[in-house]
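*Asks:* Got a predicted model here, sequence first, then my questions.
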Amino acid sequence: MRALAESVNYVAPLLKEAVLLKSASRFQGFDALVVPESGSLRLKRRLPDLPIILTQHGAGDRAAGFDARIAQADFILVPGRKLERRYKEHGLIRDDNHAVVGYAKLDAVAKAAPDRKTFFC
């Protein structure tokens, strides 16, 4: 059963969708939500007023496939100039909705004594 569930989830991420929908109420009232992948942008349907900031995996110096959902993010932290150029070429970012920040290492932030209003999941 586990192998079957994992196979189905690989093609259609039903488990992730269920977790996102279940968690949506926890995110109400947040100033913003920072997510490392574009799949979490599905939350925009449930919480259209919640700003979502998209980080990227890696250092931004590789050829990558582009997920059109990137354009749904309110702000994108782009890891490198090459990826910034590619995103612009594909119309996924604008001059006013992104910053080139290098490699985002958010686990370092999580370890840095966050206040009680900060939530990492």
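*Replies:* The structure has been received and is ready for your questions.

*Asks:* Nearest residue to residue 90 in space, ignoring adjacent ones along the chain?
*Replies:* residue 66 (5.2 Å; Cβ to Cβ, 6 or more residues apart in numbering). (C-beta placed from N, C-alpha, C; glycine too.)

*Asks:* is it true that that neighbour touches residue 86?
*Replies:* Yes. Using Cβ atoms under 8 Å, residue 66 is in contact with residue 86, at 7.2 Å.

*Asks:* Which one of the two is surrounded by more residues?
*Replies:* residue 86 (18 against 15; other Cβ atoms under 10 Å).

*Asks:* Before we go further, that one is sitting in a strand, right?
*Replies:* No. Per DSSP: H, G, I helix; E, B strand; the rest coil, residue 86 lies outside any strand segment and is helix.

*Asks:* Run a quick check on it versus residue 70, I expect a contact.
*Replies:* No. Counting by Cβ under 8 Å, residue 86 stays clear of residue 70, with 10.7 Å between them.

*Asks:* what sits opposite residue 77 in the beta ladder?
*Replies:* Beta bridges link residue 77 to residue 99, judged by DSSP bridges.

*Asks:* Burial check on it, number of neighbours?
*Replies:* Using other Cβ under 10 Å, residue 77 has 20 other residues around it.

*Asks:* Give the other helices and strands that the host helix or strand of residue 43 contacts.
*Replies:* According to DSSP states H and E, residue 43 maps onto helix 43-46. Helices and strands touching helix 43-46, by 3 or more Cβ pairs under 8 Å, 6 or more residues apart in numbering; DSSP states H and E, are helix 14-27.
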